[in-house]
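# Turn this into a structure:
(one chain, ligands or ions: 1)
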Amino acid sequence: MEKKAELIKGKAKSIYETDDPGFLIMEFRNDTSAFDGGKIEQLDRKGMVNNKFNNFIMQKLEAAGVPTQLDSLLSDTESVVKNLDMIPVECVIRNVATGSLCKRLPVEDGIDLVPPTFEFFLKDDALHDPMINDYHIRTFGWASDEEVAAMKVLTFKVNDVLKKLFADAGMILVDYKLEFGRYKGEVVLGDEFSPDGCRLWDAETRAKLDKDRFRQGLGGVVEAYEEVAHRLGVQLN
Ligand code: 5GP
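Here you go, the predicted structure:
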């Protein structure tokens, strides 16, 4: 498969066309960003770790019946992915209260959320990804009602699979963000799943093992991602 022009340069990944219109190449860069691009740094090895981490998680999800964008691992920092028509919303599930939830609502940081919450956000950096609901999605035509229903079902299914996967490796899946797209009439999990887009805490100490280390300037960001990968058995080399 031939790598062609760069189609999209995101904050941490680039998407390239290929000679097959059905497939794209997703490149995971070392760029690490927070606060809608307000803080950007290059972190050695992060592209490689996230590419392999994402590959591992997407394979687990496929095996559990969640259709994903992943096709195959191409190199240390690149994967071949299906060419989805992306839906411009983010789906967030929270198992533990923290982050923006505790800024918006009178909820104590760190409490378990039973049942977990589900939120939609619009993917729009300029507007800082505002929270939206099903009615906004319908009125503005961002997705059909059937697609909204499918995104909810799949996001909760991902929660069932990954909460257990991380718990078995001594971690709490605190919250995460997913994005979906359309592929041959089906709603498919797109983008990535890595510690850049979720919160993971050590089950015993509650130490942060995710991008909050970068957001909060705690250091040891890639080391924490590698620790998570190691605990799950992700092959990095
Ligand atoms: P919060 O709403 O608390 O900031 O984020 C909730 C969860 O979704 C966190 O795991 C966070 O990493 C993830 N998340 C929300 N928005 C984004 C985003 O725009 N990019 C990334 N990488 N993750 C996001």
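# what about the closest residue to residue 42 other than its chain neighbours, neighbour count?
If the residues on either side of it in the chain are set aside, residue 42 comes closest to residue 30, at 4.7 Å by C-beta to C-beta, 6 or more residues apart in numbering. All C-beta atoms are positioned from the backbone trio N, CA, C, and that covers glycine. A total of 17 residues lie near residue 30 under the criterion other C-beta atoms under 10 Å.
# what does residue 69 give?
Under the neighbour criterion other C-beta under 10 Å, residue 69 is assigned a count of 25.
# any idea how far residue 82 is from residue 118?
Between residue 82 and residue 118 the distance is 25 Å, computed by C-beta to C-beta, to the nearest Å.
# the more surrounded of these two?
For the pair residue 82 and residue 118, the greater number of neighbours falls to residue 82 (17 against 14), based on other C-beta under 10 Å.
# residues contacting the more buried one?
If a contact means C-beta atoms under 8 Å, 6 or more residues apart in numbering, then residue 82 has 22-24, 69-71, 183, 188 as its contacts.
# secondary structure class for residue 107?
Per DSSP: H, G, I helix; E, B strand; the rest coil, the secondary structure class of residue 107 is coil.
# from here on, count from 37
Sure, I'll start numbering at 37, so the last one becomes residue 143.
# In this structure it contacts residue 133, no?
Yes: in terms of C-beta atoms under 8 Å, residue 143 counts as a neighbour of residue 133; the distance is 4.6 Å.
# what's the closest of the contacts of residue 118 to the ligand?
Ranking the contacts of residue 118 by separation from the ligand, with C-beta to the nearest ligand atom as the measure, puts residue 105 on top at 15.7 Å.
# Can you list phi and psi of that closest one for me?
Dihedral angles of residue 105 (phi, psi; degrees, to the nearest 10) stand at phi -70, psi -20.
# Now, the contacts of residue 118 that are in strands?
Secondary-structure check on these using DSSP state E: residues within strands are 59-60, 106-107, 219, 224.
# if we can go back for a sec, could I have the ChimeraX command that selects the buried members from the contacts of residue 118?
For anyone working in ChimeraX, the buried entries among the contacts of residue 118, judged by 16 or more other C-beta atoms under 10 Å, can be selected with:
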select :59,60,105,106,107,219,224
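# how far does stretch 114-121 sit from the chain's center?
When C-alpha coordinates are averaged (C-alpha atoms, centre = their mean, to the nearest Å), stretch 114-121 and its chain have centres 15 Å apart.
# Let me fix that, I meant to ask about stretch 148-155.
Stretch 148-155 has its C-alpha centroid displaced from the chain centroid by 18 Å (C-alpha atoms, centre = their mean).
# got the contact list for that stretch?
Counting by C-beta under 8 Å, 6+ apart, the neighbours of stretch 148-155 from elsewhere in the structure are 127-133, 137, 167, 188, 191-192, 195.
# Closest one of the residues you listed to residue 255?
Out of the contacts of stretch 148-155, the one with the shortest distance to residue 255 is residue 132. That distance is 22.8 Å, counting by C-beta to C-beta.
# Which strand residues bridge that closest one?
Bridge pairing for residue 132 (DSSP bridges) gives the partners residue 148.
# list the contacts for it?
Going by C-beta under 8 Å, 6+ apart, residue 132 touches 146-149, 208, 210-211, 235, 237.
# Residue 94 too?
Applying C-beta under 8 Å, 6+ apart to residue 94 gives the contacts 104-106, 225, 229.
# Buried ones in the strand or helix carrying it, by neighbour count?
Counting by DSSP states H and E, the element that carries residue 94 is helix 82-99. Buried residues in helix 82-99, counted by 16+ other C-beta under 10 Å: 82-94, 96-97.
# With stretch 221-229 instead?
The neighbour-count criterion (16+ other C-beta under 10 Å) identifies 223-229 as the buried residues of stretch 221-229.
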